[in-house]
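Participant: Predicted coordinates and the sequence they were generated for:
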Amino acid sequence: MGEGAQMPVLESKARQGAQFERNRSAYTSLIETLRDRHRRVLQGGGEKLQRRHRERGKIPVRERIDHLVDPLAPFLELSPLAAWELYGNEVPSAGVVTGIGVIAGTPCMIVANDATVKGGSFFHETVKKHLRAQEIAFENRLPCVYLVDCGGAYLPEQDRVFPDRDHFGGAFFQQCRMSAAGLPQISAVFGGCTAGGAYIPALSDEVVMVRGTGRIHLGGPPIVKAAINEIVDGETLGGAEMHSTVSGVSDYLAETELEAIAKLRDIVAALGWREGRRTVRRETRPPLYDPLELDGIVGTDLKQPYDVREVIARIVDGGEFQEFKPAYGSTLVCGFAWIHGEPVGILANNGVLFSESAVKGAHFIELCDQRRTPIVFLQNITGFMVGVDAERGGIAKHSAKLVYAVSNARVPRYTIIIGGSYGAGNYGMCGRGFQPRFLFAWPNARIATMSAEVAATVVTDLRRASLTRGAADEEEIARVDRETRAQFEAQSTPYYATARLWDDGIIEPWQTRDVLGLALALAAREPDLPESRPVYRM
């Protein structure tokens with residue numbers, strides 16, 4: 001896969017026809033729903049609280065990010081629909097905006113509290129989103145920039161925020177570990193940083209505070225009064241001027257938020273943050289086929305088959321795809337390609353995974369690992385094959401080989417759920433539990449242990465076996481069937497998943513190539529892997 005090498009080109013056969021148009025028409029409503037929900041969370045705590053925020057001289061959180069990142073540079077926002085339909089939809093985006101942006105030419109992880117949402121307080125999903133952003137920064141060696149406007153833990157949720165391993169304390173633990181690993185931690189304080197929230201700037205390498213609005217205190221005035229009966233106002237206790245001139249907690253005092261943002265850009269520019277390139281790169285070329293055609297290919301009916309090569313042809317550079325073992329294990333398509341000039345290995349589902357598919361996938365992953373080639377998984381999988389023949393053929397053993405290879409690949413892995421993600425197929429195709437660098441879903445995605453139809457059949461068969469047959473029993477069976485279908489249909493939607501941060505966000509199909517390109521470019525800046533490992537033909 002050297003510079004300029006020629007590779008086979010995919011040929012599309014699905015660019016027109018009645019089925020293509022039906023798929024595209026059905027997918028339009030999914031896109032409209034996604035865009036509408038994104039528009040709603042962009043409003044933060046609502047018009048009234050946004051207005052009050054501005055009246056205090058403060059800038060809304062996403063506008064702060066717009067001022068912070070380089071002009072016309074991309075900003076990849078992560079999990080914008082976190083906490084969707086939780087807490088009565090009163091905690092949009094879980095009250096924190098996270099994402100990757102370019103600041104003074106340096107890719108950075110940005111974590112920004114939205115004070116218009118419950119004062120920027122931390123809910124369970126807020127903590128989870130904050131930790132996920134730090135995890136991504138750690139893996140991709142990104143400096144972290146925190147735009148702090150945080151009310152600390154949301155006290156009614158304290159049992160889901162404070163004590164456990166992956167709760168609020170984990171954010172500070174991660175921040176310390178990243179700083180020790182040489183990853184810059186930089187904060188600007190725009191509002192209150194109370195209790196645990198004070199540790200975000202306190203653990204940072206450099207801190208900017210805004211006069212008049214920025215405050216840092218481990219215990220606010222009410223806590224101080226309750227604890228030691230001392231009466232003090234918030235500015236005297238932990239204001240920006242005090243911390244910049246007396247305590248030294250703050251390194252820079254800014255008169256306005258725009259000045260603080262400018263100082264952040266100066267700090268990042270002075271980092272001299274440069275990482276060496278690990279992978280060979282080509283000149284970026286557009287796909288041979290239009291990515292906007294993806295909705296007409298996949299449609300909304302997960303039972304409707306399509307050739308996943310049609311998807312690949314609209315993601316990879318120039319439609320080039322060197323397919324691995326094309327005549328063997330055909331329900332798993334594997335091959336090498338380039339995305340935005342970066343080399344990738346792709347594993348994509350074309351049906352249920354048989355033993356041959358699993359062995360082929362494990363072999364291909366080892367090739368990618370040996371060649372230092374990042375891996376992209378395109379998930380549309382009902383699972384591994386079941387039945388007498390499959391079990392006698394060793395499906396448990398062979399599927400475990402794929403799971404083992406996925407788990408131990410040292411190269412960066414990325415997962416896009418482009419259809420169903422069910423059962424152990426989720427594991428074999430690098431689901432969330434296998435810690436891909438990023439995992440995104442399309443609006444038609446579904447994720448669950450099994451489909452609603454299969455779950456209803458399993459549960460009703462079990463219930464039948466435990467009941468005496470009769471008319472009343474059949475009524476009970478019908479009720480169980482309805483309830484099971486409703487539960488699985490509700491809990492397998494992409495919005496149910498993204499609200500709980502089972503993914504890093506829902507993206508439109510045509511955005512996949514650009515999102516992957518950004519992620520791959522980050523990984524290409526990392527140091528090389530340790531010594532090569534041999535390929536075991538599993």
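Facilitator: Structure received.
Participant: and the longest helix for the chain?
Facilitator: helix 18-41 (DSSP state H).
Participant: Return the set of buried residues in that helix.
Facilitator: Phe20, Asn23, Arg24, Ala26, Tyr27, Leu30, Ile31, Leu34, Arg37, Val41 (16 or more other CB atoms under 10 Å). Every residue, glycine included, has its C-beta placed from N, CA and C.
Participant: where's the spatially closest residue to the first one that is not a sequence neighbour, which helix or strand?
Facilitator: Nearest-residue entry for Phe20: Gly296, 4.2 Å, with adjacent residues in sequence omitted and distances by CB to CB, 6 or more residues apart in numbering. Element membership of Gly296, judged by DSSP states H and E, is helix 294-298.
Participant: what does the average pLDDT come to for that helix?
Facilitator: For helix 294-298, mean pLDDT is 95.
Participant: What of stretch 377-387?
Facilitator: 92.
Participant: Please compute how far that stretch lies from its chain's middle.
Facilitator: Mean C-alpha position of stretch 377-387 versus that of the full chain (CA atoms, centre = their mean, to the nearest Å) differs by 22 Å.
Participant: and the end-to-end length of that stretch?
Facilitator: Length of stretch 377-387, first residue to last, CA to CA, to the nearest Å: 26 Å.
Participant: Using neighbour counts, pick out the buried residues of it.
Facilitator: Buried residues in stretch 377-387 (16+ other CB under 10 Å): Phe377, Leu378, Gln379, Asn380, Ile381, Thr382, Gly383, Phe384, Met385.
Participant: Let me see the residues that make contact with the helix holding Gly296.
Facilitator: Residues outside helix 294-298 that contact it (CB atoms under 8 Å, 6 or more residues apart in numbering): 14-15, 20-21, 23-24, 27-28, 31, 306, 310-311, 314, 380, 418-419, 442, 444, 509-510, 512.
Participant: buried residues in it?
Facilitator: Those would be Leu294, Asp295, Gly296, Ile297, Val298, for helix 294-298 by 16+ other CB under 10 Å.
Participant: would you turn these into CSV with distance to Asp233?
Facilitator: Formatted as CSV, the buried residues of helix 294-298 follow (distance: CB to CB, whole Å):
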residue, distance to Asp233
Leu294, 57
Asp295, 57
Gly296, 62
Ile297, 62
Val298, 58
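Participant: and which of the residues you listed is nearest to Val352?
Facilitator: Among the buried residues of helix 294-298, Val298 lies closest to Val352 (CB to CB), at 17.5 Å.
Participant: Now do stretch 480-494: distance to the chain's middle.
Facilitator: Per CA atoms, centre = their mean, the centroid offset for stretch 480-494 relative to its chain is 24 Å.
Participant: whoops, stretch 324-341 was the one
Facilitator: With CA atoms, centre = their mean, you get 24 Å for stretch 324-341.
Participant: gap between the two ends of that stretch?
Facilitator: Note: stretch 324-341 ends 20 Å apart using CA to CA.
Participant: ditto for stretch 496-513
Facilitator: 24 Å.
Participant: how far does that stretch sit from the chain's center?
Facilitator: 7 Å.
Participant: buried residues in it?
Facilitator: For stretch 496-513, by 16+ other CB under 10 Å, it's 496-513.
Participant: how about the helices of the stretch 51-200 of the chain, start to end?
Facilitator: 61-68, 124-140, 158-161, 168-180, 199-202 (DSSP state H, counting those that start in this stretch).
Participant: sorry, back to before: any chance of the buried residues of helix 18-41 in TSV, with pLDDT and distance to Gly319 too?
Facilitator: Output for the buried residues of helix 18-41, formatted as TSV (pLDDT from 0 to 100; distance: CB to CB, whole Å):
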residue	pLDDT	distance to Gly319
Phe20	92	18
Asn23	94	20
Arg24	93	20
Ala26	94	26
Tyr27	96	22
Leu30	97	26
Ile31	97	24
Leu34	98	27
Arg37	97	33
Val41	96	36
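Participant: these two touch, right, Ala269 and Ala104?
Facilitator: Yes. Contact criterion CB atoms under 8 Å: Ala269 and Ala104 qualify, at 3.7 Å.
Participant: Which of these two has more residues huddled nearby?
Facilitator: Using other CB atoms under 10 Å as the criterion, Ala269 and Ala104 rank with Ala104 on top: 17 against 13.
Participant: quick one: pLDDT of Thr279?
Facilitator: Per-residue confidence (pLDDT) for Thr279: 62.
Participant: ugh, wrong one, Gly2
Facilitator: pLDDT, read off for Gly2, is 48.
Participant: before we move on, the earlier item: mind checking how far the helix holding Gly296 is from the chain centre?
Facilitator: 23 Å.
Participant: which residues are in contact with the following helix or strand past that helix?
Facilitator: Going down the chain from helix 294-298, the next helix or strand is helix 309-312, by DSSP H and E. When contacts are defined by CB under 8 Å, 6+ apart, helix 309-312 is touched by residues 10, 12-14, 294, 297-298, 321, 333, 335, 337, 346, 348, 350, 378, 418.
Participant: Kindly report the same for stretch 228-245.
Facilitator: 189, 192-193, 198, 209-217, 220-221, 224-225, 249-254.
Participant: Among these, name the buried ones.
Facilitator: Applying 16+ other CB under 10 Å to those flags 189, 192-193, 198, 209-211, 213-217, 220-221, 224, 249-254 as buried.
Participant: Looking at those residues, which are in helices?
Facilitator: Per DSSP H, the subset of the buried ones among the contacts of stretch 228-245 in helices is Pro221, Val224.
Participant: Distance check, Arg437 against Asn89.
Facilitator: 30 Å (CB to CB, to the nearest Å).
Participant: of these two, who's got more company?
Facilitator: Set Arg437 next to Asn89 and count neighbours by other CB under 10 Å: Arg437 wins out with 21 against 13.
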